[in-house]
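Peer 1: have a look; sequence and predicted model below, questions after that.
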Amino acid sequence: MGNLSYAILGTGALGGFYGAKLQKAGNEVHFLLNSDYQQVSQNGLIVESKDGDFLLPQVNAYNNVNKMPSCDVVVVALKTTQNHLLTQIVPPVVKNNGIVLVLQNGLGIETEVVQIVNNVTVIGGLCFLCSNKVGAGHIHHLDYGKITLGEYALNYHPVGITARMRAIAKDFENAGIEIELTEDLLLGRWKKLVWNIPYNGLSVILDATTDELMTNLYTRTLVEQLMFEVQLGAKSTGRILPDSFIHTMLEYTVNMKPYRTSMKIDFDENRPLEVEAIVGNPLRIAAANDFSLPLIRCLYQQLKFLDRRNSL
Ligand SMILES: NC(=O)C1=CN([C@@H]2O[C@H](COP(=O)(O)OP(=O)(O)OC[C@H]3O[C@@H](n4cnc5c(N)ncnc54)[C@H](OP(=O)(O)O)[C@@H]3O)[C@@H](O)[C@H]2O)C=CC1
Ligand SMILES: CC(C)(CO)C(=O)C(=O)O
């Protein structure tokens with residue numbers, strides 16, 4: 001595969017960060033924006049990063065997908081709460097035989113994407129990134145950044161490491177982004193949920209940061225119990241997550257800088273929560289395989305209450 005062109009759908013904390021890094025490394029990148037369009041089309045993007053700040057004074061900015069060129073790789077970086085827009089915004093920007101790269105949190109999104117576009121490859125990426133959008137076109141990258149990439153096939157059947165995955169990995173690595181390739185996207189998604197389900201959920205319900213959840217014995221125990229239920233969810237789809245992975249995630253969070261999760265930030269900013277993609281879909285997928293996950297269901301019900309109340 002030659003030089004790939006990229007469309008970033010959703011130039012926020014994640015899309016703005018990775019898109020800016022790709023452009024800085026010399027790739028052709030086109031950014032779709034919403035409320036930041038004027039600012040970014042005139043002044044570009046600012047990235048404050050623990051790996052070094054930089055400014056891109058000029059970027060290809062759009063507020064309408066129909067004005068964008070079709071690209072080899074379309075990066076889905078909206079919040080999943082906006083995924084009803086995908087039917088409108090993905091088809092015009094992806095080339096025939098192109099790639100849709102879903103970098104969102106949650107489960108089951110690739111299945112939705114393949115129903116929207118034909119003749120494309122869908123790749124999922126699990127992003128271990130701590131980044132916030134702190135102003136219009138202004139991204140603050142606090143920590144981490146590694147992406148685990150896996151290619152989607154029907155029913156998440158593992159397809160191995162493909163040439164398309166390697167081509168994307170090469171561009172991202174050249175841009176200074178660490179990449180891991182996985183043969184099994186579904187296993188990768190469940191692994192990410194081991195973190196997202198307990199911390200995103202409890203941070204909102206208990207109004208707590210990650211360090212608070214880890215220093216209190218009761219909440220640390222609850223986090224661990226939720227992680228073991230995610231392990232059960234994975235098992236419901238035939239994926240085995242070793243106990244050691246759960247212990248690694250607990251350690252990882254203890255060593256992480258105190259962090260307000262993305263769901264907590266959304267809650268504090270009165271934005272809709274990604275409850276369905278992160279908690280609802282795993283519950284439904286496990287239930288379809290006759291597995292019940294009572295603690296996660298309890299988390300889901302409380303989040304739905306808070307999400308609804310926040311929207312009133
Ligand atoms: N931030 C992080 O560190 C991480 C995020 N993720 C996941 O990545 C995904 C994106 O999250 P994140 O980047 O944090 O979210 P942000 O809210 O920062 O970014 C989403 C962007 O999409 C834009 N957008 C919304 N609607 C439209 C539209 N109609 N047209 C064009 N742009 C639009 C928003 O613009 P506007 O604000 O103007 O509406 C916003 O800039 C989520 O699934 C999240 O869970 C995963 C790992 C880490
Ligand atoms: C795990 C983490 C913090 C970064 O990868 C994240 O996914 C989130 O806050 O939603």
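Peer 2: Thanks, I have it. Ligands and ions are numbered 1, 2, ... in the order given.
Peer 1: excluding chain neighbours, what is closest to the closest residue to ligand 2 within the stretch 201-312 of the chain?
Peer 2: For the stretch 201-312 of the chain and ligand 2, the shortest gap (C-beta to the nearest ligand atom) falls at residue 262, measuring 3.7 Å. Using the backbone N, CA and C atoms, a C-beta is placed for each residue, glycine as well. Spatial nearest neighbour of residue 262, chain neighbours left out: residue 200 (6.7 Å); criterion: C-beta to C-beta, 6 or more residues apart in numbering.
Peer 1: residue contacts, that neighbour?
Peer 2: Counting by C-beta atoms under 8 Å, 6 or more residues apart in numbering, residue 200 makes contact with 105, 261-264, 274, 278.
Peer 1: what number of residues are in the vicinity of the residue in the stretch 1-150 of the chain that ligand 2 sits nearest to?
Peer 2: Residue nearest to ligand 2 within the stretch 1-150 of the chain: residue 128 (4.2 Å; C-beta to the nearest ligand atom). The number of residues packed around residue 128, counting by other C-beta atoms under 10 Å, is 15.
Peer 1: what number of residues lie near the closest residue to ligand 1 within the chain?
Peer 2: Closest residue of the chain to ligand 1, C-beta to the nearest ligand atom: residue 12 (1.8 Å). Applying other C-beta under 10 Å, we find 19 residues neighbouring residue 12.
Peer 1: for the spatially closest residue to it that is not a sequence neighbour, list each beta-bridge partner.
Peer 2: Spatially, and ignoring its direct neighbours in sequence, residue 12 is nearest to residue 133 (4.8 Å; C-beta to C-beta, 6+ apart). With DSSP bridges applied, residue 133 shows beta-bridge pairing to residue 139.
Peer 1: my read: residue 133 touches residue 139, true?
Peer 2: Yes: counting by C-beta atoms under 8 Å, residue 133 does reach residue 139; the two are 5.9 Å apart.
Peer 1: common neighbours of the two, please.
Peer 2: The overlap between the contact sets of residue 133 and residue 139 (C-beta under 8 Å, 6+ apart) consists of 12-13, 16.
Peer 1: name the helix or strand for the nearest residue to residue 239 once chain neighbours are set aside, please.
Peer 2: Nearest residue to residue 239, sequence neighbours excluded (C-beta to C-beta, 6+ apart): residue 187, at 4.6 Å. Element membership for residue 187, per DSSP states H and E: helix 185-205.
Peer 1: I'd like the next helix or strand past that helix.
Peer 2: By DSSP H and E, the next helix or strand past helix 185-205 is helix 210-215.
Peer 1: could you list every helix and strand in contact with that next one?
Peer 2: Secondary-structure packing of helix 210-215 (3 or more C-beta pairs under 8 Å, 6 or more residues apart in numbering; DSSP states H and E): helix 185-205, helix 217-236, helix 243-255.
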